[in-house]
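K.L.:
Kindly generate the corresponding structure for this input.
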Amino acid sequence: MIWYQVLLRVLLSGGIVVAASELAKRSSVVGALLISLPLASMMTLIWLHHDGQDAEQLALFSKEVLWLVIPSLAFFLTLPLLLNNGLDFIPAILLSSILTAACYAASLYALSVGLATG
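P.N.:
Numbers count the residues shown, from 1 in each chain. You can find the predicted model right below:
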């Protein structure tokens, strides 16, 4: 891949994160909406297609993303719970991240043994 293509991908990806954080300062719902959109997955699929991946590989990637979105929900369930119960931000985000990592490990195991793909 040519360096300017990598640079363009980095700038686009970073731009979305910056835009979401700036929007969240004005409206948490609008910032959350932007981040909740599957833009990273869609951009990755576009780049994979551009790089010559076939439809079967793109479909597999899409299905695996679906299965791996599920464990990420643990983070968004536990973080507000911990913060609303008085835990400081750093311990709350660390505990939420650890729980999420455990959920990812279980999901990756399920994928590796074929439980999630049938």
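
K.L.:
Check whether residue 52 sits in a helix, strand or coil.
P.N.:
Using DSSP: H, G, I helix; E, B strand; the rest coil, the three-state assignment for residue 52 comes out as coil.

K.L.:
What of the one 5 residues further on?
P.N.:
For residue 57, the reduced secondary structure class is helix; criterion used: three-state DSSP.

K.L.:
what residues are up against it?
P.N.:
Applying C-beta atoms under 8 Å, 6 or more residues apart in numbering, we find residue 57 in contact with residue 48. No exception for glycine: its C-beta is placed from N, CA and C like everyone else's.

K.L.:
Now do it against residue 85, distance only.
P.N.:
To residue 85, residue 57 is 44 Å away according to C-beta to C-beta, to the nearest Å.

K.L.:
Same check on residue 48?
P.N.:
From residue 48 to residue 85 the distance is 41 Å (C-beta to C-beta).

K.L.:
Reduced to three states, what does the residue located most distally from the centre of the chain come out as?
P.N.:
Residue farthest from the centre of the chain, counting by C-alpha atoms, centre = their mean, is residue 86 at 26.5 Å. Reduced to three states with three-state DSSP, the structure at residue 86 is coil.

K.L.:
Please name the nearest non-neighbouring residue to residue 104.
P.N.:
Distances taken as C-beta to C-beta, 6 or more residues apart in numbering place residue 71 nearest to residue 104, at 4.7 Å, with adjacent residues excluded.

K.L.:
Ignore what I typed, I meant residue 21.
P.N.:
In this structure, residue 21 finds its nearest non-sequential neighbour in residue 31, 6.8 Å apart by C-beta to C-beta, 6+ apart.
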